[in-house]
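Need coordinates for the following:
(one chain, ligands or ions: 2)
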Amino acid sequence: MITIEHLKVQFGETVVLKNVDIQIANGEVVVLIGPSGSGKSTFLRCLNFLVRPVEGKITLDGAVVDAKTVSKREIDRMRLKTAMVFQNYNLLKNKTAIQNIMEPMVTVQKMNKKEAEAVAVSLLEKVGLLHKRDAYPKEMSGGQQQRVGIARALAVNANVILFDEPTSSLDPELVGEVLGVIKQLVAEHNKTMLIVTHEMKFAREVADRILFLEDGGITAMGTPQEIFENCSNERIKRFINTIN
Ligand code: ADP
Ligand code: MG
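Residues are numbered from 1 along each chain as shown. Ligands and ions are numbered 1, 2, ... in the order given. Presented below is the predicted three-dimensional model:
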């Protein structure tokens with residue numbers, strides 16, 4: 001369902017991703033791990049063109065775009081197929097929880113407000129935050145804000161959800177509630193998910209496949225068992241051990 005071919009990303013003279021080729025199946029949960037600066041966020045951001053690759057072809061849901069020739073219209077269409085959960089939640093500060101969730105439905109999907117509100121209520125319920133529907137971001141904990149961020153990502157009904165270190169800004173005691181919500185989504189939905197995380201126990205539990213990114217490329221991939229238990233790559237073993 002997602003095919004990425006010869007992806008290359010460059011910032012100025014610095015090549016950040018090169019020759020990345022990967023296919024991801026519909027409904028697959030892929031966890032990306034790797035050292036800081038290895039290009040994990042950049043990789044996710046290419047999928048919704050928050051970062052524009054210099055080369056490569058991305059096929060998403062049958063629509064093919066070539067980085068060299070992609071048009072604004074193609075980018076907009078691509079963005080409708082993906083939703084992102086950000087490390088720093090990226091909620092609108094002057095809008096309440098429910099307004100944040102409604103925002104993309106009303107502005108991007110042109111849904112009417114009543115309908116959007118009904119969807120937002122059911123999503124707030126799903127992430128256990130109906131009691132915070134009228135709270136502003138500053139009135140919520142980091143974990144609650146991120147759960148609103150996840151509800152917002154679900155709101156647009158994208159087929160692919162991209163999570164960029166969804167718990168790395170949280171105090172340790174709040175990490176569990178957010179990972180719990182993501183695990184619940186994995187169990188209940190058949191959405192394709194790409195998750196960047198340093199939470200190795202969680203990665204092992206939810207991933208169908210783990211990708212290890214390093215030096216601008218995917219240097220290993222496999223099932224959690226292959227990566228965490230039977231991996232012969234010393235670099236990856238060391239990485240996993242330093243994190244745990
Ligand atoms: P990761 O998410 O794995 O920590 P990133 O994808 O954020 O890595 O970054 C990969 C590399 O690209 C880093 O060296 C980073 O400094 C660089 N980089 C990321 N975004 C930009 C940008 N907008 N402009 C210039 N360099 C960038
Ligand atoms: Mg990152």
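
Please report how far the nearest residue to Lys68 once chain neighbours are set aside lies from ligand 1.
Counting by Cβ to Cβ, 6 or more residues apart in numbering, Lys68 lies nearest to Glu55, which is 6.5 Å off, once chain neighbours are set aside. Any C-beta I mention is one placed from the backbone N, CA and C, and that applies to glycine too. To ligand 1, Glu55 is 16 Å away according to Cβ to the nearest ligand atom, to the nearest Å.

Who does Glu55 form a beta bridge with?
Beta-bridge partners for Glu55, by DSSP bridges, are Lys8.

Hmm, it is touching Thr69, no?
No. Between Glu55 and Thr69 there is no contact under Cβ atoms under 8 Å: 11.0 Å.

Just want to know which of these two has more residues nearby.
Glu55 (16 against 7; other Cβ atoms under 10 Å).

which residues does that one contact?
By Cβ atoms under 8 Å, 6 or more residues apart in numbering, the residues touching Glu55 are His6, Leu7, Lys8, Ala67, Lys68.

What subset of these is buried?
By neighbour count, with 16 or more other Cβ atoms under 10 Å, the contacts of Glu55 hold Leu7, Lys8, Ala67 as buried.

Take the contacts of Glu55 and write them to JSON lines, including distance to Ala25.
Converted to JSON lines, these look like this (distance: Cβ to Cβ, whole Å):
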{"residue": "His6", "distance to Ala25": "20"}
{"residue": "Leu7", "distance to Ala25": "18"}
{"residue": "Lys8", "distance to Ala25": "24"}
{"residue": "Ala67", "distance to Ala25": "22"}
{"residue": "Lys68", "distance to Ala25": "26"}
